[in-house]
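Asks: please find the sequence and the predicted model below.
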Amino acid sequence: MQNVRLFIAIELTQDIKDKLKMLEEELCFVCPQGKWVKPDNIHLTLNFLGYIKEDLVRETTESIIKSVKNFGSFDIEVKGASYFPEKGDPRVIWVGIGSGSEKVFSLHSKIKEALLSFNFEPEKDEFKAHLTLGRIKDPKDTKKLVDLLALKESSVFGKYLCDHISIIKSDLKQEGVSYTVLKRIKL
């Protein structure tokens, strides 16, 4: 039986992806050494499952569907840009969530609870709702990047109605990662 690499995410509207693409172009100009996420691949990861056996996908999906059955749709505001770690040199460049962040956290918690019985490896870091734009492997000479991110700290990149979540398969390839939506689950 083959393993598949899965995560659960909130997808973005094309309008927001277009705005994030413009932001990435600005960021790339001041930090060309960054490895930037293709705008069509930008998403909000709720839960990362890692590699699981292919025969568990259906059972896992059914558990997630049950857990979010009566959750309901909600508005999400994509707002602010910054980096991790909070202190020190930037390694991960991200955009955050303004209004709707409490619903995103609640959704993450519901799904996490539904997945407990599957014994997936727990996520290492505390959940922080964000959209990864890029990674900096060699963070030397990033003052211009940090300054630009400070200017974008309260920028709003769009607001939309989140009415579904997606189970996404991630394939790591030499030319980059590719994503396949296996299932969209209505909230």
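Replies: Right, received. Where do you want to start? Numbering: from 1, shown residues only.
Asks: apart from its neighbours in sequence, what residue is nearest the residue sitting nearest the centre point of the chain?
Replies: Relative to the mean C-alpha position of the chain, the nearest C-alpha, by Cα atoms, centre = their mean, is the one of L44, at 2.7 Å. The shortest distance from L44 to any residue other than its chain neighbours is 4.2 Å, reached at I10 (Cβ to Cβ, 6 or more residues apart in numbering). C-beta here means a position set from N, CA and C on the backbone, and glycine is covered the same way.
Asks: so what's the one you found up against?
Replies: I10 makes contact with H43, L44, L46, I76, V104, L107, C162, I165, S166, according to Cβ atoms under 8 Å, 6 or more residues apart in numbering.
Asks: just the ones of the residues you listed in strands?
Replies: L44, L46, I76, C162, I165, S166 (DSSP state E).
Asks: tell me the mean pLDDT for whichever helix in the chain runs longest?
Replies: With DSSP state H setting the assignment, residue counts place helix 14-30 as the longest helix in the chain. Across helix 14-30, the average pLDDT comes to 96.
Asks: could you export the contacts of I10 as a markdown table, including pLDDT and distance to V4?
Replies: As requested, those are exported to a markdown table (pLDDT from 0 to 100; distance: Cβ to Cβ, whole Å):
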| residue | pLDDT | distance to V4 |
| --- | --- | --- |
| H43 | 97 | 17 |
| L44 | 98 | 21 |
| L46 | 97 | 17 |
| I76 | 97 | 27 |
| V104 | 98 | 25 |
| L107 | 97 | 22 |
| C162 | 98 | 25 |
| I165 | 98 | 17 |
| S166 | 98 | 14 |
